[in-house]
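Asks: Here is the input, now give the coordinates:
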Amino acid sequence: MKKLIASFVLGGALGGVAGFAVAIFVYPYIFLADIVADERIGDVGGKQRVATGEFIHANPSDPIHYGSGKTSVYRDVVHLEQDFTVGPGPAYHVYLVPGNEAVTPDTDVAAAMFVDLGRLRAFRGSQVYRIPEGVDVMNYGSVVIWCEHFGVLISPAKLVYQ
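Replies: Numbering: from 1, shown residues only. You can find the predicted model right below:
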C-alpha cells in the first residue's frame, strides 16, 4: 500500500513539473504569437536617424530561435521596423550591445555592458523602445533580441552608422 501511495505522489509531482515545463514553452506560441505591434515612431522629421541594421538568423541550425527585419536607431529611440519578426519564446528583451564586431551565438552578451531597453512587446511588427538618458548610442554596435529566461541569443542586428 505504501508503494502505491508513493507511486501516486511521485507520479503527480513529476507530472506537475512536466506540465509546468511544457506550459512555459507552449504559452508564447499559443497566446502571444499572433500579436502584431504597430507602434509609430512619431514625428520622424524631427528625429535624426543615426544608424540602421538588419536582424539575422544567428544560428541557422537552430529552427526555433530566429529573427529578421530592419531596425532604425535614433539618438533617443530604437525602432524595430514593420517587417520585424522573431520566433516566439519567453522573456525576450531588446538590448543595445557595445562593440564593433557582429554579435554571434558565441558572443558573451550577458557579460557585455549592454543596455536593456525593455521586454519585447510582440514577436512581429513595428515597435519603439526609448534609449535611457545619458546613453550615447554611438558606443553601441548592435541591437540584439535576447532571451533572458534561458540566456540565448535570438537575433542580432549589426548597426551601420550613417
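Asks: which ones are touching Gly151?
Replies: Ala110 (CB atoms under 8 Å, 6 or more residues apart in numbering). Glycine gets a C-beta too; all of them are placed from N, C-alpha and C.
Asks: separation between it and Val144?
Replies: 12 Å (CB to CB, to the nearest Å).
Asks: any low-confidence regions in this structure?
Replies: 20-37, 42-46 (pLDDT under 70).
Asks: change it to 90
Replies: 1-48, 58-65, 89-90, 99-112, 149-151, 162 (pLDDT under 90).
Asks: how close does the residue sitting nearest the centre point of it get to Phe84?
Replies: Taking CA atoms, centre = their mean, the centroid of the chain lies closest to Ile145, which sits 2.9 Å from it. According to CB to CB, Ile145 and Phe84 sit 9 Å apart.
Asks: any common contacting residues for the two?
Replies: Common neighbours of Ile145 and Phe84, counting by CB under 8 Å, 6+ apart, are 55, 67.
Asks: Please export the C-alpha coordinates of the longest strand anywhere in the chain as CSV.
Replies: Longest strand in the chain by number of residues, with DSSP state E as the criterion: strand 152-161. This file holds the C-alpha atoms of strand 152-161, laid out as CSV (Å, rounded to 0.1, in the frame of the first residue of the first chain):
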residue,chain,number,x,y,z
VAL,A,152,20.0,32.6,-25.5
LEU,A,153,20.8,34.9,-28.4
ILE,A,154,17.6,35.1,-30.6
SER,A,155,18.6,37.6,-33.3
PRO,A,156,21.3,40.3,-33.6
ALA,A,157,21.3,43.3,-35.9
LYS,A,158,24.7,44.9,-36.6
LEU,A,159,24.4,48.6,-36.8
VAL,A,160,25.7,50.6,-39.7
TYR,A,161,26.2,54.3,-38.7
